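Asker: Let me see the structure of the following:
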Amino acid sequence: MRRYMIERDLTGVGNFSPDQVRDAATASNAALKQMGNSIQWVHSYITADRIYCVYLAENESVVREHAKRAGLPATNVSEVKRIADPLSAEQLA
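Answerer: I've put the predicted structure just below:
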């Protein structure tokens, strides 16, 4: 499985009600259930007009198929090549 960052452009998503966020998560979960073990939702970050989602998936096509089934945009899909955090500085030294 590869890690992907999905950018979903949704105007005003930061102002969605808890019910609207729940409905989007429910749609995503239903699509995940249909697709089996080829994709996994890790977590998402919601900003004013965009959702940044982290998924594990076999490939980009699977990510885009999930978005289609869930009825959610996949404006940009990028494979994560490396994760950096504060400990990365210690590893490079």
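Asker: For Arg64, grab the count of nearby residues.
Answerer: Per other Cβ atoms under 10 Å, the neighbour tally for Arg64 reads 15. Heads up, the C-betas are built off the backbone N, CA and C, glycines and all.
Asker: Provide a list of residues in contact with it.
Answerer: Residues near Arg64 by Cβ atoms under 8 Å, 6 or more residues apart in numbering: Ala74, Val77.
Asker: 58 is where my numbering starts, stick with that
Answerer: Right, with 58 as the first residue, what we last looked at is Arg121.
Asker: element containing it, please.
Answerer: If you go by DSSP states H and E, Arg121 is part of helix 117-127.
Asker: after that helix comes which helix or strand?
Answerer: Following helix 117-127 toward the C-terminus (DSSP H and E): strand 133-136.
Asker: what packs against that next one?
Answerer: Judged by 3 or more Cβ pairs under 8 Å, 6 or more residues apart in numbering; DSSP states H and E, the packing partners of strand 133-136 are strand 59-66, helix 117-127.
Asker: What residues of the longest one count as buried?
Answerer: When neighbours are counted by 16 or more other Cβ atoms under 10 Å, the buried residues of helix 117-127 are found to be Val119, Val120, Glu122, His123, Ala124, Ala127.
Asker: Same list, these, but as CSV with pLDDT and distance to Ala146 please.
Answerer: Converted to CSV, these look like this (pLDDT from 0 to 100; distance: Cβ to Cβ, whole Å):
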residue, pLDDT, distance to Ala146
Val119, 98, 34
Val120, 98, 31
Glu122, 98, 38
His123, 98, 35
Ala124, 98, 35
Ala127, 97, 37
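Asker: Nearest to Tyr112, out of these: which one, please.
Answerer: For those, the residue nearest Tyr112 by Cβ to Cβ is Val120; the value is 5.9 Å.
Asker: how close does that closest one sit to Asn133?
Answerer: Using Cβ to Cβ, to the nearest Å, we find Val120 at a distance of 11 Å from Asn133.
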